[in-house]
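>>> Need coordinates for the below:
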Amino acid sequence: MTASTVLLLLDIQNGIVERAGMTQSYLDAVSQTLKAARAAHVQVIHVLTAFRPGYPEASSRNGTKERIASWGDGVFIEGHPSTQLHPVTTPVEGEMVVTKRRVSAFHGTDLDLILRSIGAETLVIAGLITSGAVLSAVRQAADLDYKQIVLEDLCADPDAEVHDLLVKKVLSKQATVMSLSEWTAGLGKD
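Down below sits the predicted model:
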């Protein structure tokens, strides 16, 4: 199987969708984009965040461990409902799920290996949170020499000002930024 273009969906999972307060219109847009990508035979890879019991992957030196643990009740521990992909992103046959333990989709995962093995050249990036997983993925993918497209309206951040700044001033330096309607309109025209 080869896929020169891959739709990379970051952290569209129950716990993050809930904590970020994502609206039904956002989830509907994700669903519509997935349908369009699948119809155009674009490879989809879902990336989610989950930790082992006790959060051994989260260092107390960077504050992640305390912040996540403070949410209580095993949140973001593998198997907890917060780590499950949101129902609008339920993978279909042939779609892979990569579990990450850090903000970056690449750090400590086999994502780059998978992408190189399937012949990925262009990553279409969407997901939550713009100042977290999206920013980290774009920066690292640029260092790994992937061409990138960021779907501006399929990325979101609790702080709209931060989202706008990142999309317009930072991410646009390493990726082509476009709307999901622009991207889906171009599907199948290669």
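
>>> Just the C-alpha atoms of the single longest helix found in the chain, please, in CSV.
Using DSSP state H to assign secondary structure, the helix with the most residues in the chain is helix 24-39. Output for helix 24-39, consisting of C-alpha atoms alone and laid out as CSV, is shown next (Å, rounded to 0.1, in the frame of the first residue of the first chain):
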residue,chain,number,x,y,z
GLN,A,24,-21.2,19.8,17.2
SER,A,25,-20.4,21.9,14.2
TYR,A,26,-16.7,21.2,14.6
LEU,A,27,-17.4,17.5,15.0
ASP,A,28,-19.7,17.6,11.9
ALA,A,29,-16.9,19.2,9.9
VAL,A,30,-14.5,16.4,11.0
SER,A,31,-17.0,13.8,9.9
GLN,A,32,-17.6,15.5,6.5
THR,A,33,-13.8,15.8,5.9
LEU,A,34,-13.3,12.1,6.8
LYS,A,35,-16.0,11.1,4.4
ALA,A,36,-14.4,13.2,1.6
ALA,A,37,-10.9,11.8,2.3
ARG,A,38,-12.1,8.2,2.4
ALA,A,39,-14.1,8.7,-0.9
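
>>> Output the contacting helices and strands for that helix.
Applying 3 or more Cβ pairs under 8 Å, 6 or more residues apart in numbering; DSSP states H and E, we find helix 24-39 packed against strand 5-10, strand 43-49, strand 122-128, strand 147-156, helix 180-186. Bear in mind the C-beta positions are built from the backbone N, C-alpha and C, glycine included.

>>> who's in contact with that helix?
Contacts to helix 24-39, defined as Cβ atoms under 8 Å, 6 or more residues apart in numbering, come from residues 7, 9, 12, 17, 44, 86, 88-89, 92, 124, 126, 151, 153-154, 156, 180, 183-184, 187.

>>> Could I have the buried ones of the residues you listed as PyMOL selection syntax?
Buried members of the contacts of helix 24-39, defined by 16 or more other Cβ atoms under 10 Å, are picked up in PyMOL with:
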select buried, resi 7+9+12+17+44+86+88+89+124+126+151+153+154+156+180+183+184+187
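
>>> Please work out the angle formed by the directions of the longest helix of the chain and strand 147-156.
150 degrees (axes from the mean of the first three to the mean of the last three Cα atoms, to 10 degrees).

>>> pLDDT (mean, whole number) over helix 24-39?
Predicted confidence along helix 24-39 averages 96 (mean pLDDT).

>>> Show me what counts as buried in it.
Across helix 24-39, burial judged by 16+ other Cβ under 10 Å covers 26-27, 29-30, 33-34, 36-37.

>>> What is the nearest of those residues to residue 130?
Sorting the buried residues of helix 24-39 by how near they are to residue 130, with Cβ to Cβ, puts residue 26 at the top with 12.4 Å.
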